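J.: Mind folding the following:
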Amino acid sequence: MTEMMMVLAQTVAGPDKGLAIGGAAIGMGLAAIGAGRGIGQIGGQACEAIARQPEAAGRIGTNMLITAAMVEGVALAAVALGFALALRI
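T.: Numbers count the residues shown, from 1 in each chain. Okay, here's the model as predicted:
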């Protein structure tokens with residue numbers, strides 16, 4: 001992970017700024033896609049768990065929301081880092 005960050009930082013510092021902006025945009029897009037897929041999987045598995053044990057629906061729903069918020073927080077951090085790299089140019 002740190003190696004990838006160093007490569008991105010070197011790309012931003014390089015002479016071809018269009019490539020750096022493109023890389024930052026791709027990184028932000030992948031972060032959004034990954035978060036969407038992850039939250040969808042969390043929701044789907046929570047529905048399956050509630051179908052198996054309806055009496056635990058409250059606890060499952062609470063845990064699902066907390067986990068989805070954590071995934072969304074990581075995605076927001078990745079997008080913010082992408083913006084920071086793109087604006088650093």
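J.: what residue ranges in the protein score low on pLDDT?
T.: 1-2, 5, 8-16, 89 (pLDDT under 70).
J.: let's see 90
T.: Counting by pLDDT under 90, the chain shows low-confidence ranges at 1-29, 78-89.
J.: Scan it for its longest helix.
T.: helix 17-52 (DSSP state H).
J.: As a quick check, tell me the outermost residue of the chain.
T.: The C-alpha centroid of the chain is most remote from residue 55, which lies 31.6 Å away (Cα atoms, centre = their mean).
J.: Next, name the residue at the spatial heart of the chain.
T.: Nearest to the chain centroid, counting by Cα atoms, centre = their mean: residue 75, 2.6 Å.
J.: Go through stretch 73-86 and flag the buried ones.
T.: 75, 78, 79, 81, 82, 85, 86 (16 or more other Cβ atoms under 10 Å). Quick note: C-beta positions are derived from backbone N, CA and C, even for glycine.
J.: Pull the distance from it to the chain's centre.
T.: Centre-to-centre, stretch 73-86 and its host chain are 9 Å apart (Cα atoms, centre = their mean, to the nearest Å).
J.: secondary structure element for residue 61?
T.: Using DSSP states H and E, the element containing residue 61 is helix 57-87.
J.: Show me what that helix packs onto, helices and strands only.
T.: helix 2-13, helix 17-52 (3 or more Cβ pairs under 8 Å, 6 or more residues apart in numbering; DSSP states H and E).
J.: from those helices, which stretch is densest packed?
T.: helix 17-52 (a mean of 14; mean count of other Cβ atoms under 10 Å).
J.: how far off helix 57-87 does it point, in degrees?
T.: 180 degrees (axes from the mean of the first three to the mean of the last three Cα atoms, to 10 degrees).
J.: what about the helix holding residue 61, distance to the chain center?
T.: For helix 57-87, the distance to the chain centre is 6 Å (Cα atoms, centre = their mean).
J.: now swap in stretch 37-57 and tell me
T.: For stretch 37-57 - counting by Cα atoms, centre = their mean - the centre lies 20 Å from the chain centre.
J.: Good, wrapping up.
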